[in-house]
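Novice: Coordinates only, no sequence provided:
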């Protein structure tokens, strides 16, 4: 059976305090912790104090926090910004560290830089092709994610020692943006043998990845779980509407678990 995980950030002290209560209401398997740069020293104690049978996986910082492996000029800074991800992984005995390949750059440059990540815990995640560009963003409307296309991810995997994390919503949004068949593309990505999945709900016809809670979109989870490999961990990456509770996550867990009872 697939293990299910909760996505949190390293600075989420309020959530860290209630994680064990959440586990008592609806058991889950792991926390995927987004490790913001320069937060290890101040925040690691939030997470090492959790005593329940909950393991950890780490998500390294991405473009939102300055990391862009697809930009040659960012190389030195990239590796400084991801240092705390490895510290969190070491302290929390994590077996997974997930990276994004970058934005508005060259996937071959991503492969060059990421080939220097010599760590068996390191993963590359596929991205949504189209970006939402808000006011004040340094991105342009024409900028696109590196690692959205199958060919980008295939090349990076072939030229690095990274494992693969398949983000279901990212693949669906990319397929719609590029006018590809959603399920054919998911099956193609799945042939790259992902060892981890990201999952939320969303709009099957949209080119934007929306991270809806389970049941709020129109994803066909029965069909998606026919693609998702059994016994492979899944992080639930849906929205959280409160900083004081994780009721949304509990509901998501309860709605997803029946789909996992596959023969």
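Specialist: Arrived safely, thanks for sending. The structure displayed is predicted, hence computed values, not measured ones.
Novice: Any stretches of the protein with poor pLDDT?
Specialist: 133-138, 262-263 (pLDDT under 70).
Novice: and with 90 instead?
Specialist: Along the chain, segments meeting pLDDT under 90 span 1, 51, 131-143, 260-263.
Novice: the strands in it, which residues?
Specialist: Along the chain, counting by DSSP state E, strands occupy 4-9, 30-34, 55-59, 97-99, 122-125, 163-167, 196-199, 234-236.
Novice: Relative to residue 64, how far out is residue 20?
Specialist: 29 Å (CB to CB, to the nearest Å). The way it works is simple: take the backbone N, C-alpha and C, and place the C-beta from them, glycine included.
Novice: Settle it for me: which of the two has more neighbours?
Specialist: residue 20 (13 against 10; other CB atoms under 10 Å).
Novice: now the more buried one: how far from residue 49?
Specialist: 9 Å.
Novice: ok, now residue 28?
Specialist: Residue 28 is 18 Å from residue 49, by CB to CB.
Novice: Tell me how many other residues crowd residue 229.
Specialist: Neighbour number of residue 229 under other CB under 10 Å is 14.
Novice: quick one, what contacts it?
Specialist: Contacts here follow CB atoms under 8 Å, 6 or more residues apart in numbering; on that basis residue 229 touches 190, 194.
Novice: With residue 43 instead?
Specialist: So residue 43 contacts 10-11, 13 (CB under 8 Å, 6+ apart).
Novice: on that earlier part again, for the strands of the chain, could you give me a markdown table that also reports mean neighbour count and distance to residue 175?
Specialist: Output for these, formatted as a markdown table (neighbours: other CB atoms under 10 Å; distance: least, CB to CB, whole Å):
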| stretch | mean neighbour count | distance to residue 175 |
| --- | --- | --- |
| strand 4-9 | 21 | 23 |
| strand 30-34 | 23 | 24 |
| strand 55-59 | 23 | 23 |
| strand 97-99 | 25 | 21 |
| strand 122-125 | 23 | 16 |
| strand 163-167 | 24 | 12 |
| strand 196-199 | 24 | 16 |
| strand 234-236 | 24 | 20 |
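Novice: which one of these lies closest to residue 209?
Specialist: strand 163-167 (7.8 Å; CB to CB).
Novice: what inclination does the closest one have with respect to strand 55-59?
Specialist: Taking axes from the mean of the first three to the mean of the last three CA atoms, to 10 degrees, one finds that strand 163-167 is oriented at 90 degrees with respect to strand 55-59.
Novice: Was I right to think residue 9 contacts residue 31?
Specialist: No - taking CB atoms under 8 Å as the definition, residue 9 is not a contact partner of residue 31, at 10.5 Å.
Novice: ok, of the contacts of residue 43, which come out buried?
Specialist: Among these, the ones that count as buried by 16 or more other CB atoms under 10 Å are residue 10.
Novice: May I see the contacts of residue 43 arranged in a markdown table, with distance to residue 56 as well?
Specialist: Output for the contacts of residue 43, formatted as a markdown table (distance: CB to CB, whole Å):
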| residue | distance to residue 56 |
| --- | --- |
| 10 | 11 |
| 11 | 15 |
| 13 | 16 |
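Novice: Going by distance to residue 256, which of the contacts of residue 43 wins?
Specialist: Distance to residue 256 across the contacts of residue 43 (CB to CB) is lowest for residue 10, with 24.7 Å.
Novice: tally of neighbours for the closest residue to residue 205 other than its chain neighbours?
Specialist: What sits nearest to residue 205 in space, not counting adjacent residues and going by CB to CB, 6 or more residues apart in numbering, is residue 176, at 6.3 Å. For residue 176, the neighbour count with other CB under 10 Å is 20.
Novice: tell me the contacts of residue 176?
Specialist: Going by CB under 8 Å, 6+ apart, residue 176 touches 182, 205-207.
Novice: and residue 211, how far is that from residue 170?
Specialist: 10 Å.
Novice: What segments of the stretch 101-250 of the chain are helices?
Specialist: 107-114, 150-158, 168-177, 182-190, 221-227, 247-256 (DSSP state H, counting those that start in this stretch).
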